[in-house]
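> Mind folding the following:
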Amino acid sequence: QQQQQQQPGEGSGESEPLLRKVMSSAKLQDHLEQERRRDARSKLASNVRLGLAHVLWWVVCVPPLAVAHVVVTVCAWMCVVMIPMAKVSALVAPPLFARPLRLTVRREADGPSGEAEVLVCTFEAVNAFYRTYSVGGMNVCLVNLLPFVIASLLLGYVPALERLVSPTLLFVFSLVSIVPLAYYIGCAISSIAAQSSGAIGAVLNATFGSIIELVLYYVSIKKGYNNLVKAALTGSLLGTMLFVPGLCMVLGGLKHRNQEFNAASASVSSVLLFVSVVGAYTPSFFYKVYGQHELRCSACLPTNSTAGIMSCQGCHYTQVDLHQDPVYDEYTRPLVYVVAALLPVAYIIGLIFTLKTHTFIYELDPSSGGHHDAPEWSRPKCVAILLVATVLMALVCELVINNLEPVLLSTGLSEEFVGITIIALTPNIAEIINGVQFSLANHISLALEIGSSVAVQVCLFQIPVLVVIAAILNDTVDSSFTLLFPDLHLWSVIFAVVVMNYVMTDGTSNYFQGSGLLVVYAILVAMFYFIPAGHS
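Numbering: from 1, shown residues only. Predicted coordinates for the structure are as follows:
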């Protein structure tokens, strides 16, 4: 009993420290709970303050910063030489908007921080080498011209925007738009040709390589600008035989002094040029001899009224209306069709000669190691790009021709001069750039071959196709395109062929020979500039 009485006493004595521990633990939990509540209230207040700061940052600061970054990025990219700064601006923008206080800029001498993440490191803000930078296999200089295509289409075909620009500015925008579209078409054709055999690639280059000029000429013929088309054809020949090789020789000669090319391959191109020029201008020779012409004078005064003698000034011979001349309908028109049928035959023979039976001629080329690098596109992508670019090209060419008349009236330029220079050279700017790059890389043979091949395509492929187009449109167009060129066009092309073949006889080129070609080209262009009004 005494033990049983002592057990409760002993038990109550031992429970007092435990009770105190439980009570102190409860107080600690209450204290911790209060701390957690205070921390939660403090964190909530802090989040509210940070939320307001983020709202103010994104509403007040981010929009102007975003606009500034877009402007800086676009301007730096369009300048081409400042592409490094464009990349810096584009890479820094996202973390700048998300964590602006965590970004730092360090000099190279300071070195990176151990805890920092390097977003971008640039060594040069400006570099002229970026002119060769490519985007998806396309030269960045020509890719940067694509906004002109979008602007031209919007300003030309959206009624609400047509009044914002003058016809002259829209004409300039449309001309500039032809350049990137022509480059995309050329790259698509080159990519398809690189995936095909040599013969198929040559046929593709011959057929689709002239699609830019054919679309432009078709729109011009449909609008009645037949003299413009003739001038553009002559200008293409003068440009590819004088301007393009002359420019390549000058730039390549200044960098490499003397450059050598394969005279044997150049002679093949010379023969094709002679054949093409003779065939293209034979109807003009024929009609010049046998066709009917009339004498037109600007002012005539009677000197002897009884004898009927007149004193006239400003007289010149012009051809009569072709539909009223039996020589044209019975003899000249059939000759034109025969020539149009024979010219492609000469081109096919040239392809067989260069690609099948005499390929060793081009294997002897000292600069055969260089070639045009086509973008590595799949065939479906090439076909899609080719179709889209061709449709856009047709729309842009429509704008060029529609705004041509206001430009001629405002500038006072003649239709022949615009065709010889602007209309002829604009579709070939991409080829001119390629030729210059080849000459600077000491591949002068490839540069000269570009001009020769374009000239041959003009005579042996484009002209026959235009004859067919003119025959189809003959019932709907009052004065359709004919293969009868004015005398100035005829003799200018003959001079160009003679000068070009004379310069290329020795197989070497330098800046002196190139400057001679450029001077001859400038003289001929100046002649077309000073054509008197009314003597087209």
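
> The worst-scoring helix or strand of the chain on mean pLDDT: what's the following helix or strand?
Sorting the helices and strands of the chain by mean pLDDT, DSSP states H and E puts helix 198-208 at the bottom, at a mean of 57. Once helix 198-208 ends, the next helix or strand along the chain (criterion: DSSP states H and E) is helix 211-223.

> and the very next helix or strand once past that following helix, what's its mean pLDDT?
Downstream of helix 211-223, the next assigned helix or strand under DSSP H and E is helix 226-238. Helix 226-238 carries an average pLDDT of 88.

> mind saving the C-alpha coords of the next helix or strand after helix 226-238 as CSV?
Per DSSP H and E, the first helix or strand lying C-terminal to helix 226-238 is helix 244-256. Taking C-alpha atoms only, helix 244-256 is exported to CSV below (Å, rounded to 0.1, in the frame of the first residue of the first chain):
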residue,chain,number,x,y,z
VAL,A,244,29.1,43.5,-117.6
PRO,A,245,32.5,42.3,-119.0
GLY,A,246,33.9,45.8,-118.9
LEU,A,247,33.0,46.2,-115.2
CYS,A,248,34.3,42.8,-114.3
MET,A,249,37.6,43.4,-116.2
VAL,A,250,38.1,46.8,-114.4
LEU,A,251,37.4,45.5,-110.9
GLY,A,252,39.3,42.3,-111.4
GLY,A,253,42.2,44.1,-113.1
LEU,A,254,42.5,46.6,-110.3
LYS,A,255,42.8,43.8,-107.7
HIS,A,256,44.8,41.1,-109.7
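
> can you list the residues that contact the helix or strand following helix 244-256?
Tracing the chain past helix 244-256, the next element assigned as helix or strand by DSSP H and E is strand 259-260. The contact list for strand 259-260, computed with CB atoms under 8 Å, 6 or more residues apart in numbering, reads M249, G252, G253, P366, S367, S439, N442, I444, G507, T508, S509, N510. (Each C-beta comes from the backbone N, C-alpha and C, glycine too.)

> Find me the pLDDT at the nearest residue to S515 once chain neighbours are set aside, would you?
Spatial nearest neighbour of S515, chain neighbours left out: V250 (5.8 Å); criterion: CB to CB, 6 or more residues apart in numbering. Looking at V250, its pLDDT reads 90.

> Against H256, how distant is V250?
Separation of V250 from H256 (CB to CB, to the nearest Å): 12 Å.

> next one: W58
For W58, the distance to H256 - CB to CB - is 57 Å.

> and these two? which has more neighbours close in?
When neighbours are counted by other CB atoms under 10 Å, W58 and H256 differ, and H256 comes out ahead with 17 against 12.

> List the residues that contact that one.
Contacts of H256 by CB under 8 Å, 6+ apart are N442.

> And M78, by the same measure?
Taking CB under 8 Å, 6+ apart, one finds N144 in contact with M78.

> Was I right to think the residue nearest to S515 contacts S509?
No - contact criterion CB atoms under 8 Å: V250 and S509 do not qualify, at 9.4 Å.

> the more surrounded of those two?
A direct count of neighbours by other CB under 10 Å for V250 and S509 places S509 higher, at 28 against 22.

> which residues does that one bridge with?
Beta-bridge pairing for S509 (DSSP bridges): Q259.

> quick one: it and G253 touch, right?
Yes - using CB under 8 Å, S509 makes contact with G253 at a distance of 6.5 Å.

> which secondary structure elements does the strand or helix carrying V436 contact?
In this structure, V436 is located in helix 429-440 according to DSSP H and E. Packing partners of helix 429-440 (3 or more CB pairs under 8 Å, 6 or more residues apart in numbering; DSSP states H and E): helix 140-143, helix 167-194, helix 244-256, helix 444-457.

> could you give the angle of the longest one to helix 429-440?
Angular relation of helix 167-194 and helix 429-440 on a 0 to 180 degree scale: 60 degrees, by axes from the mean of the first three to the mean of the last three CA atoms, to 10 degrees.

> now the third one
Note on geometry: by the same axes, to 10 degrees, helix 244-256 and helix 429-440 are set 30 degrees apart in direction.

> What residues sit buried inside helix 244-256?
Residues of helix 244-256 classed as buried by neighbour count (16 or more other CB atoms under 10 Å): V244, P245, G246, L247, C248, M249, V250, L251, G252, G253, H256.

> again with the longest one
Neighbour counts using 16+ other CB under 10 Å place 167, 170-194 of helix 167-194 among the buried residues.

> Give me the helices and strands touching that helix, please.
Checking 3+ CB pairs under 8 Å, 6+ apart, helix 167-194 ends up next to strand 138-139, helix 140-143, helix 146-157, helix 198-208, helix 211-223, helix 379-402, helix 404-411, helix 429-440.

> Contacts for the last one, please.
Looking back up the chat, that one is helix 429-440. Helix 429-440 is contacted from outside by 139, 141-142, 179, 182-183, 186, 243-245, 247-249, 251-252, 255, 259, 370, 372, 425, 444, 446-448, 450-451, 454, using CB under 8 Å, 6+ apart.

> what's the angle between it and helix 211-223?
Using the same axes, to 10 degrees: helix 429-440 against helix 211-223 is 150 degrees.

> tell me which residues in helix 429-440 are buried?
Buried residues in helix 429-440 (16+ other CB under 10 Å): I429, A430, E431, I432, N434, G435, V436, Q437, F438, S439, L440.

> How far off centre is it?
12 Å (CA atoms, centre = their mean, to the nearest Å).

> If you average the pLDDT over that helix, what comes out?
Rounded mean pLDDT across helix 429-440 is 79.

> pretty sure Y130 is in a helix, no?
Yes - per DSSP: H, G, I helix; E, B strand; the rest coil, Y130 lies within a helix segment.
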